[in-house]
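**Student:** Sequence and predicted structure, then a few things I'm wondering about:
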Amino acid sequence: MELFFSRDIDGSVCRLDADESAHCVKVLRHREGDDIHVIDGEGTLYTCRILSASPKEVEAQVTGVERDWGSHPYRLRMAVCPTKNTDRYEWFAEKATELGVDMITPVIGDHSERKVFKTERLKRILLSASKQSLKGAVPQVDEALPLRDLIQSYASGEGTVPQNVLRTPPKQNAWVPPSYVAEGGTVLRDSTLTGKPVLKLICCCYEGEEKRVSIGEVLAESQVSEIVILIGPEGDFSREEVALALECGFRPVHLGPSRLRTETAALAAVAAVYFHYCGDKGM
């Protein structure tokens, strides 16, 4: 199934940008009258019939709409410290998208070797991964922020999605899905800012009194479908970061007896959530 992406869907008309149009017309050889499928990045699949097949702008008529296409029954935010090798982080993000993730937040911890992380390339990778894995929604990628800021943002309401911290003004000329835009143009970095309960987990080599359990065990006993998971850098979280997370309601969890790289641990966490909710649903 060929999928295209468009930000310009107005009523019954869909327009592809120059890159998508060139791929549609020059590479895949589509012409007027052909039916194509387009995702909007928010979870909707559009069936469209091409009206004009210019390699600079394809214009098509919307003939069908399917909401929540390729969706999953949970919302997962992965807050993962960037790896020293950027390729490893991009690999994790691509595979996490194929399984099912809603937000990826690069966080900078005390032991992080990489303190700066640019997200533009990552966003393109996630768009491609969403199309490849037949998903209508493209995961949101946040700009990097200090780990402590993210942890403390979840302390505002015990076990709830923060409502007043995860907001940032839109960048000039930046496109954001309409569901992330509030009144006055404020961009919400999480479209579920509704005070819903959220399950807060931190994967760490914790040696304190509170026993670590597996992600699967926590999910089995919880009825919450809003989840945030923290994954540390190559040197793990500092003791101070773990202590802060526990104070803010995060539960320490483990990923089994193996020592995992950051990107492997992050993907294992995504897979644990995915198989808990979707393991009995075959292709």
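**Tutor:** All right, it came through fine.
**Student:** show me what contacts the closest residue to G136 other than its chain neighbours?
**Tutor:** Taking CB to CB, 6 or more residues apart in numbering as the measure, G136 lies nearest to W69, with 3.7 Å between them; neighbours along the chain are not counted. Heads up, the C-betas are built off the backbone N, CA and C, glycines and all. Under the criterion of CB atoms under 8 Å, 6 or more residues apart in numbering, the contact list for W69 reads I39, G43, T44, L45, L134, K135, G136.
**Student:** Can you tell me which helix or strand of this structure has the lowest average pLDDT?
**Tutor:** Confidence across the helices and strands of the chain bottoms out at strand 167-168, with a mean of 36, counting by mean pLDDT, DSSP states H and E.
**Student:** And the helices in this protein?
**Tutor:** In chain order, the chain shows helices spanning 18-22, 86-99, 120-132, 147-153, 215-221, 239-247, 262-278, with DSSP state H as the criterion.
**Student:** quick one, the last one and helix 86-99 angle?
**Tutor:** Here helix 262-278 runs at 0 degrees with respect to helix 86-99, directions being taken by axes from the mean of the first three to the mean of the last three CA atoms, to 10 degrees.
**Student:** Give me the distance between helix 262-278 and the centre of its chain.
**Tutor:** Relative to the centre of its chain, helix 262-278 is centred 13 Å away, using CA atoms, centre = their mean, to the nearest Å.
**Student:** buried sites along stretch 50-69?
**Tutor:** Of the residues in stretch 50-69, those buried by neighbour count under the rule 16 or more other CB atoms under 10 Å are I50, A53, E57, V58, E59, A60, V62, W69.
**Student:** ok, the nearest residue in space to E20 that is not next to it in sequence - contacts?
**Tutor:** Leaving aside its chain neighbours, E20 sits nearest to F4 (5.0 Å; criterion: CB to CB, 6+ apart). Each residue near F4 by CB under 8 Å, 6+ apart is listed here: L16, E20, H23, C24, I36, H37, V38, I39, K131.
**Student:** One more pass at 6 Å, please.
**Tutor:** F4 sits next to L16, E20, I36, V38 when contact means CB atoms under 6 Å, 6 or more residues apart in numbering.
**Student:** related to what we said a few turns ago, and the residue nearest to G136, how far from M1?
**Tutor:** Taking CB to CB, to the nearest Å as the measure, W69 falls 11 Å from M1.
**Student:** one step back: let me see the backbone angles for the residue nearest to G136.
**Tutor:** phi -80, psi 130 (degrees, to the nearest 10).
**Student:** pLDDT score for it?
**Tutor:** At W69, the predicted lDDT confidence score is 95.
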